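> build me a structure from this.
(chains A and B)
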Amino acid sequence: MLRFDLALQPLRALNSALHCLPPGQNDVHIEVLNPRGSHAVAVGIDKPVRVEVMGPVGYYCAGMNDGGTVIVRGSAGPGVAENMMSGTVVVEGDASQYAGATGRGGLLVIKGNAASRCGISMKGINIVVHGSIGHMSAFMGQSGHLVVLGDAGDALGDSIYEAKIFVRGRVKSLGADCIEKPMRAEHLETIADLLAKADVTGVRPEEFRRYGSARRLYNFDIDNADAY
Amino acid sequence: MTNPVSRTPPRKSATFDDYTLAEIRRAAATGIYDIRGGGAKRKLPHFDDLLFLGASISRYPLEGYRERCDTSVTLGTRFARKPITLKIPITIAGMSFGALSGRAKEALGRGATAAGTSTTTGDGGMTDEEREHSKLLVYQYLPSRYGMNPKDLRRADAIEIVVGQGAKPGGGGMLLGQKISDRVAAMRDLPKGIDQRSACRHPDWTGPDDLEIKILELREITDWEKPIYVKVGGARPYYDTALAVKAGADVVVVDGMQGGTAATQDVFIEHVGMPTLACIRLAVRALQDLGMHRTVQLIISGGIRSGADVAKALALGADAVSIGTAALVALGDNDPRWEDEYRKLGTTAGAYDDWHEGRDPAGITTQDPDLERRLDPVAAGRRLANYLKVMTLEAQTIARACGKSHLHNLEPEDLCALTMEAAAMTQIPLAGTNWYPGKCGP
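Next comes the predicted model:
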C-alpha cells in the first residue's frame, strides 16, 4: 500500500503519483491521510486503483474518475466525483452541492445526505444516496439513475431529459417537465441492482417511486412558455 | 378641389421603421422570438473609428521588405508547464461540431495549422477530425459539458473555460433539433431531434472563488501542463478580467458583442453586451492594475476582420485576437456563388444568418450530408490560411510603418480616434487633439 500524508506532502505529489502509475499496475491501494478538506484530492484517476481518503475532503474529490475506486471516510465538499467516467466513489459522510455533476458513468454512493443539485446535468452516472437530497437535484439530467432512499427537495428533475430518478421518501416539489411515472419491472431490477452495489440492505425496490421527463419541452412551443 | 401642393407626403416613423414593423408582424404571426446566428448587426463604435499615425520625424519606420517584424506570441507563460507558441497572433475561436459540419471543422484545423496558429473546439466536445487536423487545439470547457472527458482534456494543447460569449453574455447555447444528427446526439448524450439548450452557467461552480478551485482541479488532472484560458463575454471586462486573473487564469479571452454565435435570440445579440472596442482598454487596465499585463495574455475577439483590426487591438494592449465569423467567410460562408439558393431561403448572400436551421447552401453550418459535401475541406482550409496570412501581412505593414519590430510593440500612442465615442471608449485622443472625453488638463 502507498500512503500519502497531505499534512506533510503536497497535493501534487498524490495526483502526480496517481497519473504516473505504469500500465498493468492495477492493484495499487493508496491511503491518503490528513486530507483536512483539501480540494481536488485524487482527481483524474485513469486506472483501476483503490484510494482511501481518511477524512473530509473539499471540492471536486475524485473529479473525472475513470476506473478507480475512491472511498472518502468522511464528508465531501462540492462536486465530488464530478464528470466521473467510470469506477466507484463512496462518500461515507454527507456530500455538499453538485455531487456527481455531469457524470458520464460509474457509481457514486453517498452514505449520508447530499445537498442541492445532486446529479446536476448527469450524463450516464448512477448515484445512490442513503439519506436525502437538496433542491434542484438532477437538474437537466440527461441519462443515468439517481436513487434516493430519503427525501428530495424542491424542483426535483427540473428540465430533465432522459435521466431516471427513484425516490423512496417524500418529494417536496417537481421541477419543470418532471413527472411521476409508472414503475415497470425493468426499473425495479435497476433499483435492486444499484441498491446491492451500494451496500443497501433491508430496503425493497417497491418502496420507491419513479420520476422522469414528460418530454413536453423537448421542442420549443410558445404555449409551453409558462412552464419555465 | 384639394390643392396637391398643400398636402404633406406620407411620413414613416423613425421609431417604427419598416424593419421594426416587419418584426412586430412576424412576432404576432409566429409567437416566437427571432433566432439567428452571427453577432450584432447594428452599427457600433469599432476599429474603423481609430487610425494609425505612422512614422514621422520623431519616429522612424522599418523597411517593408527588408527589416523583420515578428508576429509570434506565446500563451500560457504564467503557470502552464507547456505554454503554446503561435506564429501569428490570430487564433480561431471556439465553434462547435454540431453548429458546424465535420468538414468545416476540418477546414478550420487545416487552415489554422498551415498559418501556424490554433483552433478551438466548441460546445459538443472534440472530434477526431479536428484533433487530427489542428496542430494546436484549444479545448473548450463549457457549462453544458457536452462531450467533456478527461482523455480529450489531456490531448488538448490548452483549455478554455468558457464563462460567457460576446454575442450573449449571460446566455447559454442553442442547437435546434434540425441539427441534432445521430452523431451530434451521441456526442452530447441527448435524444436525436430535440432542441438542445446548453446551460448558461457551469453546473459545479459559482463565482470567482469556486473558479479558482475549478482551475486547480483542471491543472491537477492535466499535471499543470496545459495553459488555461478563461473566456468572458464583453459585459464587465475590467472586473471579469481581474477576477479571472485572481482565479489563476493563464490567458483571458474577452469577446465583444460583435462576436458571433451559432444561434441565439436576436434580441440577445443586439441588446446585451458591449462593443469590442469598449472592452479592450478596460481589460488591459485590469491587467496593468494587477501588474499582470503580458504575464497573463489577453485575447480579444468580436468583429476582427483585417490586419488593421489586428494591429489596432494589439496597439491597445491585447496579446492576440481571435476570429470566428471572418474565418467562416474565408471558408465560403455567405458566398455570392450560392445566391440563387439564398434567395430560395428568403435571404441574400451576405445576410444569411439562419445557421440554426441547418440548410446552409455553403455546407458550413449544417449537418445535412448533401450540403456538407459542397465544402472541400482542403480548398477551404487553404482559403483560410491565405486569409490569415494576408491579415498578418497587413498588420506587419502597419507595424513597420509605425517603426515596430514586433506586433506587440504597437502602442496606444500609435493611434488617434476619429469619433468622440471611440476616443471615450479607448482613451485614445481625438484626431488632431491631445484630448479624449473624460481627460482633465492638457
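
> any idea how far A:Ala138 is from the closest residue to B:Trp224 other than its chain neighbours?
Sequence neighbours aside, B:Arg81 is the residue nearest to B:Trp224 in space, at 5.2 Å (criterion: C-beta to C-beta, 6 or more residues apart in numbering or on different chains). Backbone N, C-alpha and C define where each C-beta goes, glycine included. Using C-beta to C-beta, to the nearest Å, B:Arg81 is found at 38 Å from A:Ala138.

> neighbour count: the two, which is higher?
Neighbour totals were compared for B:Arg81 and A:Ala138, and A:Ala138 leads with 34 against 12 (other C-beta atoms under 10 Å in any protein chain shown).

> now the more buried one, what's its secondary structure?
Secondary structure assignment for A:Ala138 (DSSP: H, G, I helix; E, B strand; the rest coil): coil.

> and if you look at B:Lys105?
helix.

> please apply the same query to the one 3 residues further on.
Of the three states, B:Leu108 takes helix under three-state DSSP.

> B:Trp355: how many residues sit nearby?
By other C-beta under 10 Å, neighbour count at B:Trp355 equals 25.

> oh, that last question was meant for A:Lys164, not what I typed.
The burial count for A:Lys164: 22, using other C-beta under 10 Å.

> the lowest-mean-pLDDT helix or strand in chain B and chain A, any residue contact?
The weakest-scoring helix or strand in chain B, judged by mean pLDDT, DSSP states H and E, is strand B:174-175 (a mean of 72). No. Using C-beta under 8 Å from any C-beta of the partner chain, we find that strand B:174-175 stays clear of chain A, coming within 9.5 Å at best.

> residues contacting B:Ile74?
Ile isn't right for residue B:74; it's Thr. Applying C-beta atoms under 8 Å, 6 or more residues apart in numbering or on different chains to B:Thr74 gives the contacts B:83-86, B:297.

> ok, now B:Gly102?
So B:Gly102 contacts B:127, B:129, B:372 (C-beta under 8 Å, 6+ apart).

> run a quick neighbour tally on the last one.
The burial count assigned to B:Glu372 is 18, neighbours taken as other C-beta under 10 Å.

> pLDDT score for it?
If you check B:Glu372, the pLDDT there is 96.

> average pLDDT across the helix or strand following the least confident helix or strand of chain B?
Counting by DSSP states H and E, the next helix or strand C-terminal to strand B:174-175 is helix B:182-188. Here helix B:182-188 scores 82 as its mean pLDDT.

> using CSV, write out every CA atom in helix B:182-188.
Extracted C-alpha coordinates of helix B:182-188, given in CSV (Å, rounded to 0.1, in the frame of the first residue of the first chain):
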residue,chain,number,x,y,z
ASP,B,182,-27.2,10.8,-34.9
ARG,B,183,-23.5,11.7,-34.4
VAL,B,184,-24.2,15.1,-32.7
ALA,B,185,-26.8,13.4,-30.4
ALA,B,186,-24.4,10.7,-29.4
MET,B,187,-21.6,13.1,-28.6
ARG,B,188,-24.0,15.2,-26.5
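
> what comes up buried for that helix?
B:184-185, B:187-188 (16 or more other C-beta atoms under 10 Å in any protein chain shown).

> now distance to B:Thr20 too, for those residues, in a markdown table please.
Shown next, in a markdown table, are these (distance: C-beta to C-beta, whole Å):
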| residue | distance to B:Thr20 |
| --- | --- |
| B:Val184 | 35 |
| B:Ala185 | 38 |
| B:Met187 | 40 |
| B:Arg188 | 36 |
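
> mind checking the SS state of A:Glu180?
Following three-state DSSP, the label given to A:Glu180 is strand.
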